[in-house]
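Colleague: Generate coordinates for the sequence data below:
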Amino acid sequence: MKASEIIEGIKNLKEQTARNSMGCSENWYDFYYAMKETFTLEEIQSMTARECELLERLAANIQEGLY
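Modeller: Just a heads-up that it's a prediction; the model follows:
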């Protein structure tokens, strides 16, 4: 995954109003939402493809753990 793909995913993000049983926004389970809330677009643009891939893998593992 490249930074440009992440930015495109952020632009196409459909946020929801649902909350989990602990009251946390369900949006946090979405990789693009988590990236948007954690990094600026400038920070994402400066990331290498490898950094983006590692962040995607981290998010996938966190999502698995939360479910």
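Colleague: all strands in the protein, in order from the N-terminus.
Modeller: Per DSSP state E, the chain carries no strands over any range.
Colleague: What sits closest to Gly9 if chain neighbours are left out?
Modeller: Counting by C-beta to C-beta, 6 or more residues apart in numbering, Gly9 lies nearest to Tyr32, which is 4.0 Å off, once chain neighbours are set aside. In short, each C-beta sits where N, CA and C put it, glycine included.
Colleague: now Ala60
Modeller: Closest to Ala60 by C-beta to C-beta, 6+ apart is Phe31, at 7.4 Å.
Colleague: mind listing what that neighbour touches?
Modeller: Residues in contact with Phe31, defined by C-beta atoms under 8 Å, 6 or more residues apart in numbering, are Gly9, Glu56, Ala59, Ala60, Gln63.
Colleague: Longest helix of the protein, counting residues only.
Modeller: If you go by DSSP state H, the chain has its longest helix at helix 49-66.
Colleague: What are the buried residues along that one?
Modeller: Cys52, Leu55, Ala59 (16 or more other C-beta atoms under 10 Å).
Colleague: For those residues, give me TSV that also has pLDDT.
Modeller: Conversion of the buried residues of helix 49-66 to TSV gives the following (pLDDT from 0 to 100):
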residue	pLDDT
Cys52	93
Leu55	92
Ala59	88
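Colleague: From those residues, pick the one nearest Ser25.
Modeller: The closest of the buried residues of helix 49-66 to Ser25 turns out to be Ala59 (C-beta to C-beta; 15.1 Å).
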